[in-house]
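> Below are the sequence and a predicted model; questions follow.
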Amino acid sequence: MQIRNQWNKEQVGAYIHSLQVSVPLDVDYVYDVYDMANELITMLDKENSQIEVKEVNQLELLFYCVGEYYYSIAHLNQEEIEKFNSNETYPSSMASVAADKYLSLSIFNHVEKKLGNRFMPPASSLNIYLNFMLNIVKGYKKNDPQSSLISDLLMKSLTISRSILEQLLNGYETEAFSSWRTLHECECTLILLDKYGDRLINKYLRHMNFGLAFNDTIPDKEQQDKIFYEMKEEMRGYGLKSKDIRKYIEYGWLYEIADKDDVSFKLNFRDGLEKLAGLDMYAKRYEISSEIIHSTPLLIYSNKEYFYYMTLLSLYESFFRLEQVFVSLFSKRVSEEQMRQYEEMRKVYYAQLVIIHKRELQSFRNIQKQWNQKKA
């Protein structure tokens with residue numbers, strides 16, 4: 001193989017100068033590493049018949065060279081950088097590593113079988129909607145639980161949603177379904193906080209402080225002891241003991257809206273939070289997801305197609321509920337023009353997402369029917 005598309009020093013320099021890094025990069029040094037990496041790839045391609053490199057992606061290879069060099073000097077002072085640059089053995093070693101990483105991770109990279117495609121509507125339509133929502137919510141006040149709890153939790157739910165979609169598209173179905181478990185927990189909390197407002201939000205924040213006190217993370221020791229004492233007193237009022245501390249911290253805020261004498265209500269997710277959020281119909285899916293998280297045989301010998309559809313459908317259904325919370329939050333904070341723009345977008349994509357969910361659900365049912373026929 002002859003590398004005909006290798007960049008010259010001016011091209012490499014132009015790219016490096018466009019980077020915004022905290023430490024100036026030596027163009028000559030990086031180019032030498034990059035040049036040697038290209039030579040190594042050419043040599044390895046000639047000597048090893050198993051390596052068949054038709055064309056080198058020069059930008060990717062340069063990325064590896066820049067990454068190696070930047071990481072090596074980023075923590076050094078100027079004198080140490082000059083000493084590093086003067087060491088004649090480093091460039092060849094760095095070039096060898098960059099070439100190895102390029103061949104291993106770009107040419108021979110392990111890729112899972114993918115059942116989804118980012119250009120098809122099931123992924124692209126959901127992705128564009130999530131992206132729109134994320135761009136709106138990121139502009140809200142953040143990291144101030146007293147005033148931004150709902151938007152902070154919504155932002156986290158949306159980023160988890162996007163992460164799930166990315167995992168699905170990369171062929172990691174069980175990992176995506178495990179992440180849906182976390183999303184489901186977030187959406188249950190979000191639904192209740194949005195529904196009951198300040199009354200429940202304040203109680204939730206109080207239990208957040210209980211958690212900080214329990215984990216010994218409040219700097220003011222006197223204040224920490226006070227919070228811990230108040231928590232113990234509240235627990236006594238509910239007939240709880242010291243062994244119940246953790247579950248009271250996590251779910252005790254639900255007593256604000258639940259009847260403590262209701263024997264069906266418990267301080268846990270399935271019989272507490274999920275139930276009060278009205279989403280206990282997902283209890284079985286949540287249980288399956290929990291089995292995967294705990295590395296049971298279900299994880300190791302999972303059916304990719306089953307978990308692809310299970311995750312995609314669950315993600316869509318969670319999204320529809322999150323979108324309702326988003327509209328509730330969004331409508332209170334935007335101008336009439338912004339609301340009009342959102343409604344126009346919603347007319348196009350929300351309706352499409354509903355149709356996609358219905359179609360994918362039918363596809364899943366058809367596949368399940370085929371599986372059952374094979375078993376019969």
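On my side now, so go ahead.
> show me where the stretch 251-376 of the chain has helices.
274-276, 283-293, 297-300, 304-330, 336-375 (DSSP state H, counting those that start in this stretch).
> which stretch in those helices has the least confidence?
When the helices of the stretch 251-376 of the chain are ranked by mean pLDDT, helix 297-300 comes last with a mean of 73.
> For that helix, buried residues please.
residue 299 (16 or more other C-beta atoms under 10 Å). (Glycine included, C-beta is placed from N, CA and C.)
> Likewise for stretch 64-74?
Here stretch 64-74 shows 64-66, 68-70, 73 as buried, counting by 16+ other C-beta under 10 Å.
> do the same with stretch 158-177
Result for stretch 158-177 [16+ other C-beta under 10 Å]: buried residues 158, 160-162, 164-165, 167-169, 171-177.
> got it, and stretch 331-348?
residue 342.
> From the rest of the structure, what touches that stretch?
For stretch 331-348, the external contacting residues (C-beta atoms under 8 Å, 6 or more residues apart in numbering) are 129, 132, 136, 140, 330.
> residues in contact with the fourth one?
Taking C-beta under 8 Å, 6+ apart as the contact definition, residue 140 lies against 148, 151, 155, 329, 333.
> gap between the last one and residue 136?
Think residue 333. Using C-beta to C-beta, to the nearest Å, we find residue 333 at a distance of 9 Å from residue 136.
> and what of the third one?
Computed as C-beta to C-beta, the residue 155 to residue 136 distance reads 10 Å.
> cool, and the fourth one?
Relative to residue 136, residue 329 is positioned 9 Å away (C-beta to C-beta).
> mind checking the backbone torsions on residue 268?
Main-chain torsions, residue 268, degrees, to the nearest 10: phi -150, psi -180.
> And the residue nearest to the spatial centre of the chain, how close does it get to residue 115?
Note on the chain: the residue nearest the mean C-alpha position is residue 163, at 3.5 Å, using C-alpha atoms, centre = their mean. Relative to residue 115, residue 163 is positioned 17 Å away (C-beta to C-beta).
> ok, now residue 19?
36 Å.
> go on, residue 126?
Using C-beta to C-beta, one gets 15 Å for the distance from residue 126 to residue 115.
> thinking again about what came up before, turn the helices of the stretch 251-376 of the chain into TSV, including distance to residue 11.
Shown next, in TSV, are those (distance: least, C-beta to C-beta, whole Å):
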stretch	distance to residue 11
helix 274-276	56
helix 283-293	47
helix 297-300	47
helix 304-330	42
helix 336-375	40
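> Compare those helices and give me the one nearest residue 33.
helix 304-330 (40.0 Å; C-beta to C-beta).
> list the buried ones in that closest one?
Applying 16+ other C-beta under 10 Å to helix 304-330 flags 306-319, 321-323, 325-326, 329-330 as buried.
> those strands in the stretch 151-300 of the chain, which residues are they?
Counting by DSSP state E, counting those that start in this stretch, no segments of the stretch 151-300 of the chain form strands.
> Mind picking out the helix or strand in the chain with the poorest mean pLDDT?
helix 297-300 (a mean of 73; mean pLDDT, DSSP states H and E).
> any weak-confidence spans in this structure?
By pLDDT under 70, the low-scoring segments of the chain are 1-4, 48-53, 375-376.
> Please parse it into its domains.
9-107, 121-375 (automatic domain parsing).
> ok, residue 127 touching residue 165?
Yes: using C-beta atoms under 8 Å, residue 127 makes contact with residue 165 at a distance of 6.2 Å.
> Not counting stretch 350-363 itself, show me its contacts.
Counting by C-beta under 8 Å, 6+ apart, 121-122, 125-126, 129, 309, 312-313, 316-317, 319-320, 323 sit against stretch 350-363.
> count of residues packed around residue 75?
9 (other C-beta atoms under 10 Å).
> which among the contacts of stretch 350-363 gets closest to residue 247?
Using C-beta to C-beta, the contacts of stretch 350-363 come closest to residue 247 at residue 317, 27.2 Å.
> can you pull the contacts of that closest one?
Applying C-beta under 8 Å, 6+ apart, the residues contacting residue 317 are residue 357.
> how much space between it and residue 326?
Residue 317 is 15 Å from residue 326, by C-beta to C-beta.
> what's the spacing between the residue nearest to residue 364 when sequence neighbours are not counted and residue 301?
Distances taken as C-beta to C-beta, 6 or more residues apart in numbering place residue 309 nearest to residue 364, at 4.0 Å, with adjacent residues excluded. For residue 309, the distance to residue 301 (C-beta to C-beta) stands at 17 Å.
> Next: residue 92.
46 Å.
> Of these two, which one has the most company?
residue 92 (14 against 7).
> hmm, back to that, how many neighbours does the closest residue to the residue nearest to the centre of the chain other than its chain neighbours have?
Spatial nearest neighbour of residue 163, excluding adjacent residues (C-beta to C-beta, 6+ apart): residue 179 at 6.0 Å. A count of neighbours around residue 179, defined by other C-beta under 10 Å, yields 23.
> Generate TSV for the contacts of residue 140, with distance to residue 350 as supplementary columns.
As requested, the contacts of residue 140 are exported to TSV (distance: C-beta to C-beta, whole Å):
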residue	distance to residue 350
148	26
151	21
155	20
329	16
333	20
